Structure formats: structure tokens, C-alpha cells
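# missing the sequence, but the structure's below:
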Ligand code: NAP
């Protein structure tokens, strides 16, 4: 790769911005163009459903870089700009409007979009999705004018939003279609703890609940009707029913796509001059020995240095374990590792679940696959080491808080 080449980054979210930074850190001094369809410069999403939504963090704190950083690092940031197609033969990105940008290597960091509800009333005023900073600001404004909210989906968006709404003094009903919120990712044992946490904080959590219609009055939400015919009054409906990776550009360009853009352990797509990161990257994981696509902040934060190396023709490998964190009410947690739904045979806990101070471990055949620390800090690196060690662990010692994690 010539130091005078041209790098095009499609997607100006956190992973796009951090890849631009990594290209500069790794000594590339050619052209870097960062294209995004948002009106805002790259920002981080975790605060949008937590502190920023609750009004406890400043707007300026959400951004990845200060506004002057882009000019200072000669990164051409072009907002409100959509890429229409990729001309792989000519090595050009084609923008809406026809402009063509040549590239030596291109990064796809197009992220994901919320799944939309398709039912009567889904377009009423007061129905919110939460993905962009503007969504978070509109929702916070909605909190200020509402007394009751229905949250559809007991996933991360649903539960963090429910906690923020309770903090704003609003009556909250969460509709979860399964038997427990977060059941797929955490399993019954830990999902039950989150269900109790929300009920203890005054949420009307309804499980096995189906939504049949959003009810309106004069174009605005007045409530919802469930599939059993019952109605719940609300002025706001927040929908968090998962996301769809934005793969249409990759697909139209003929790249291999299957539950995201398929990339190898270097994050290269089926075209070696195109690299993909973040929510869209279904990456071969060299330690887990399978493909995984991770829709979490840490993944989008940690992949960029590897993506930049690959764009520059180097050979770095992405092998970090999935990590995510959440804050809900008085519960702060971090999770490290990977467990496919139902892919464990035992959960071992050390600490005090009732006091919400514990570490939970998911095991299969005596080996720790993942761990979650709740209101206990600075143990995450040790949990990661335990998972990476992959050896059989003594359950009694694992459950004994007196035994240091690094002694297991
Ligand atoms: P999510 O965590 O995947 O949860 C989606 C939830 O909606 C699941 O409980 C799912 O139930 C349910 N659901 C799906 N279709 C539904 C339907 N038609 N009606 C009712 N419920 C339905 O997705 P999310 O909460 O929307 O979050 C969006 C993305 O942001 C995710 O990638 C998430 O990881 C990320 N995020 C992460 C954090 C964090 O790491 N702390 C915070 C916020 C957002 P089933 O399980 O039965 O399908």
C-alpha cells in the first residue's frame, strides 16, 4: 500500500471514526475519507440509552473526537452523505448524486438499523425507536411530557430505557414476548435476576406478551392493545426489538453476506481490498473457532486497529472475546465471553445475588465460557483470562469469593 493511497470509510459511527484514527496512528498519510449519513459527527451509542437519555451526561461527552480532530488529522469527514454503490472493478465508491471516490482499500462500517414494527398504529406520534442521538433527545423530551410508557421488547434497549423512564418518574410497562427478558443471551438463571430487578423498581413487566395494535387518538399514541385483547394506556411507546445489519451495499456489490458481511479473522471481506467492522461484521473468531457477529460497543471499539492494519495490507488478527456492559438502576455489570443460546450446562455464582454484588460464570463441561460481574469491579480481565484458559475449573473454588480469580 502506498502511503499516498486513498482510504474510504463508509459509515461514520464509532468504528469508522476509530479506524480513521488507527490509519493515522499506523502511519498512513494518504487520503482518508469518512462518509456518514448521520447529521452529527461520529458518536458513541451507550450513553443514548443510559446517562444521556437520563440527562446526566453532557452532549459533548458522547462524541468520539472533538470537532477539530478531523481537520487536524486530515480526515475528510462528510456527513449527510450516502454511498449508493461500490464499483469494485474500478475501486470506486459511488455516492448518491453520482460522485465517485477512488479507493485503494475501503472499510464498511455501516452498522445496523432498528427493526420496525409492522402493525396498526406503528406510525403514530409517540412511537419511538432508539438508535441515533436525535432519537435519544426526542425520547427524553417525550419523557418530560408523559406519565406512562410501554416498552416493546425486553432486550438491552428495552431494559435500559425502562430504567431511564423510571428514573424520570414515569409508569413503565415492558412487553417481552418470551418467558423472561434477556433469556437468549443470559439464560434463565441470570435473566430472572433482571426480571426481578425491574419489578422491584416498579416496572410492570409482562412476559409471554404479544402486541397486536398501537392505539391512537388524533394521530398520537393513547395506548396499546395486547394479543389477549387487554389494553394499556400510554402516551409513549418505545420499540427495542432488535436490529438488522446494514448489508445492502455489500450484498449489491457481490460480497459474501450471511447474517452480516462475512469476514475472516483479519476482518477482510470476500474482496481483500474491502474490510468490514462492527455490527455488520460476521467474523471468523480464531479462539472460539466459529463465526460471530457482535452487536456491542466494545466490538466496534476494539476492531478498528485490526481493520486499519488490514486496509494497509498487514496481517493483524481480531481475537478479543465479546464484552458488553449495562447500567440499570443500581445494577452495573460487565460480561465477557460467549455462550450460544442454551450452550451451557451450569451457572456458578460467587457473591451475594440478593445484594446485587456477585460474579456469575457460565460453564460447559466444567469450563468457563463467560462471566458477568455485577457491582464488583476490576475483575473483568481475570474473567477474560479464565475463559481464555479453557481448562476445567473447580466449582467450589469458583463459587468461593475468598479464592482470587487469578488463582483458579
Ligand atoms: P436485542 O437486545 O437484540 O433485544 C431485542 C428484544 O426484542 C428481544 O428480547 C427479542 O425477543 C424482542 N423481540 C424481537 N422481536 C420482537 C417482536 N416482534 N415483538 C416483541 N419483542 C420482540 O435488541 P435491542 O434491545 O433492540 O438493542 C438493539 C441493539 O443495540 C442490539 O444489538 C443490542 O445488543 C445493542 N444494545 C446494547 C446495549 C448494551 O450492550 N448494554 C444497550 C443497548 C443496545 P427474543 O429474544 O424472543 O427474540
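On my side now, so go ahead. Owing to the predicted nature of the structure, the values given are computational and were not obtained by experimental measurement.

# Show me where the stretch 201-350 of the chain has its strands.
204-206, 211-217, 220-226, 231-233, 236-239, 243-245, 261-263, 274-276, 281-285, 290-292, 323-328, 331-337, 346-352 (DSSP state E, counting those that start in this stretch).

# Next, the buried residues of the fourth one.
Neighbour-count burial for strand 231-233 flags residue 232 (criterion: 16 or more other Cβ atoms under 10 Å). For the C-beta atoms, the positions are set from N, CA and C on the backbone; glycine is no exception.

# starting at the chain centroid, how far to it?
Relative to its chain's centre, strand 231-233 lies at 30 Å (Cα atoms, centre = their mean, to the nearest Å).

# And for the fifth one?
Once both centres are worked out by Cα atoms, centre = their mean, strand 236-239 turns out to sit 19 Å from its chain's centre.

# phi, psi of residue 195?
Phi and psi for residue 195, reported as degrees, to the nearest 10, are phi -60, psi -50.

# my read: it touches residue 179, true?
No - contact criterion Cβ atoms under 8 Å: residue 195 and residue 179 do not qualify, at 9.3 Å.

# Quick check: neighbours shared by the two?
Here residue 195 and residue 179 share the contacting residues residue 207, scored by Cβ atoms under 8 Å, 6 or more residues apart in numbering.

# of these two, who's got more company?
Between residue 195 and residue 179, counted using other Cβ atoms under 10 Å, the more crowded position is residue 195 (23 against 12).

# Pick out the residue closest to the middle of the protein.
residue 296 (3.1 Å; Cα atoms, centre = their mean).

# Excluding covalently adjacent residues, which one is nearest to it?
Once flanking residues are discounted, residue 296 sits nearest to residue 324: 4.1 Å by Cβ to Cβ, 6 or more residues apart in numbering.

# Tell me who's in contact with that neighbour.
156, 296-298, 334-335.

# Quick one: neighbours of the residue of the stretch 1-150 of the chain found nearest the ligand, just the number.
Shortest the stretch 1-150 of the chain-to-the ligand distance, computed as Cβ to the nearest ligand atom: residue-wise this is residue 49, at 4.8 Å. The number of residues packed around residue 49, counting by other Cβ under 10 Å, is 28.

# need the residues of this protein near the ligand, please.
49, 152-158, 160, 176-178, 184, 240-243, 295-296, 324, 326 (Cβ under 6 Å from any ligand atom).

# hey, what's the spatially closest residue to residue 122 that is not a sequence neighbour bridged with?
Spatial nearest neighbour of residue 122, excluding adjacent residues (Cβ to Cβ, 6+ apart): residue 214 at 6.1 Å. For residue 214, the beta-bridge partners under DSSP bridges are residue 224.

# Next one: residue 214 from the ligand, what distance?
Distance, residue 214 to the ligand, by Cβ to the nearest ligand atom, to the nearest Å: 12 Å.

# so that residue makes contact with residue 125?
No - Residue 214 is beyond contact range of residue 125, at 10.7 Å (criterion: Cβ under 8 Å).

# ok, the two, which is more surrounded?
Set residue 214 next to residue 125 and count neighbours by other Cβ under 10 Å: residue 214 wins out with 24 against 13.

# tell me the contacts of the more buried one?
Counting by Cβ under 8 Å, 6+ apart, residue 214 has contacts 117, 119-122, 124, 127, 221, 223-225, 237.

# For whatever residue of the chain ends up closest to the ligand, grab the count of nearby residues.
Closest approach between the chain and the ligand, counting by Cβ to the nearest ligand atom: residue 155, at 1.8 Å. Residues within reach of residue 155, counting by other Cβ under 10 Å, total 17.

# how near is the residue nearest to it when sequence neighbours are not counted to residue 130?
Nearest residue to residue 155, sequence neighbours excluded (Cβ to Cβ, 6+ apart): residue 240, at 5.5 Å. Distance, residue 240 to residue 130, by Cβ to Cβ, to the nearest Å: 6 Å.

# Common neighbours of those two, please.
What both residue 240 and residue 130 touch, as defined by Cβ under 8 Å, 6+ apart, is the set 114, 157, 161.

# Ranking by neighbours, what's the top pick from the residues you listed?
Result: residue 161 is most packed of these (other Cβ under 10 Å), 29 neighbours.

# and that one, what element?
Residue 161 belongs to helix 156-167 when assigned by DSSP states H and E.

# Just the angle for that helix relative to strand 323-328, thanks.
Angle of helix 156-167 versus strand 323-328, following axes from the mean of the first three to the mean of the last three Cα atoms, to 10 degrees, is 20 degrees.

# Need the residues that contact helix 156-167.
49-50, 53-54, 130, 139, 143, 149, 151-152, 172, 174, 176, 181-182, 194, 198, 201-203, 238, 240, 324, 326-329.

# quick one: it to chain centroid distance?
That offset, for helix 156-167, works out to 15 Å (Cα atoms, centre = their mean).
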